[in-house]
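[1] Need the 3D shape of this:
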Amino acid sequence: MSEGPLRITITCTECESGINITPTKNADVAKCDICSHEEAVSFSEEHFKNILKECPCCQRKDFYKQKDFNRKIGVVLFVIASIIYLFTFDYTYGIPVSLIILWLVDLFLFKKIPPVVICYKCQSIFRSVANIEEIYDFNHEMNDRIIYSDHNFHGEQLEH
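    Residues are numbered from 1 along each chain as shown. Have a look, this model is predicted:
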């Protein structure tokens, strides 16, 4: 399923810009192109095989997968469809045609856009992950425990 090398997007802790990297031998830092800040990274042999078991940035093992879609674009599309609905309400007899069209576009994009893996702790984004089937979808409780109390699940999925 993965195409090409593992591609990683790290968020710079200084300026919050994206730092795009791929695993390379002997690499121990990723340098931000905007502010020149260096983020520590540590690649394992698994990373060279596109296998994600441990985050090279924060060394945590807790990940989730989601579609690789920009959330801001999704919100903008919804707002535009809602505004169109408000101005066409009289002409469509109250049927939310623009929202139905948005739903169809969303369904199409959902089928076409590939998934990415994201680290719960540092929010690094991983593309072309070979073992993506092993990664679970986003879990709100895990996210809250990791972000607010620094809980470490060691790669185990929280289940009740």
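[2] Mind listing what's buried along the helix ranked longest in the chain?
    What stands out as the longest helix in the chain, according to DSSP state H, is helix 71-88. Buried residues in helix 71-88, counted by 16 or more other CB atoms under 10 Å: Ala81, Ile84, Tyr85. The C-beta positions use only the backbone N, C-alpha and C, and glycine is treated the same way.
[3] And stretch 5-24, by the same measure?
    Across stretch 5-24, burial judged by 16+ other CB under 10 Å covers Leu6, Arg7, Ile8, Thr9, Ile10, Thr11, Cys12, Ile19, Ile21, Pro23.
[4] And for the fourth one, nearest residue in space, chain neighbours not counted?
    It stands for Thr9. Counting by CB to CB, 6 or more residues apart in numbering, Thr9 lies nearest to Ile125, which is 4.2 Å off, once chain neighbours are set aside.
[5] Got the confidence number for the one you found?
    If you check Ile125, the pLDDT there is 97.
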